[in-house]
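In: what follows is a predicted structure for the sequence shown.
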Amino acid sequence: MAGYVFADEDSERFYGEVRDFVRTSAERARGARRHGYTVAIGCTGGQHRSVAVAARLAADLADLGAQVADHRDMRVGGEG
């Protein structure tokens, strides 16, 4: 699934921009001593693109030390 979602250059570029924005925003929230930060990723079906993006964000931002993905159709650490 993720291979298909991120197969082209535009998808990779878009994902990189989303990842960088989420990381910067989360770091600023932490710096302001905010205890919660929510990011919502959606798509028309909710079972492929959004799951792939949420799972990849969870992996790429794991160093933030927080739960970074909880999706109605999957749980990080398991298959969706």
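Out: Cool, got the structure. Numbering: from 1, shown residues only.
In: pLDDT below threshold where in the chain?
Out: 45-47, 66-80 (pLDDT under 70).
In: can you rerun that using 50?
Out: 76-80 (pLDDT under 50).
In: buried residues in the longest helix anywhere in the chain, which are they?
Out: When the chain is parsed with DSSP state H, its longest helix is helix 9-31. Of the residues in helix 9-31, those buried by neighbour count under the rule 16 or more other Cβ atoms under 10 Å are 15, 22-23, 26. Using the backbone N, CA and C atoms, a C-beta is placed for each residue, glycine as well.
In: which one among these gets closest to residue 6?
Out: residue 15 (6.4 Å; Cβ to Cβ).
In: and the gap between the closest one and residue 49?
Out: 10 Å (Cβ to Cβ, to the nearest Å).
In: what does residue 24 give?
Out: Taken as Cβ to Cβ, the span from residue 24 to residue 49 is 22 Å.
In: repeat for residue 8
Out: Taking Cβ to Cβ, one finds residue 8 at 13 Å from residue 49.
In: and the two? which has more neighbours close in?
Out: Per other Cβ atoms under 10 Å, whichever of residue 8 and residue 49 has more neighbours is residue 49, with 19 against 10.
In: can you pull the contacts of that one?
Out: 5, 43 (Cβ atoms under 8 Å, 6 or more residues apart in numbering).
In: what about it, distance to residue 39?
Out: 15 Å.
In: host element of residue 59?
Out: Assigned by DSSP states H and E, residue 59 falls within helix 49-60.
In: looks like residue 48 contacts residue 3 (just checking).
Out: No. At 11.3 Å, residue 48 does not count as touching residue 3 under the criterion of Cβ atoms under 8 Å.
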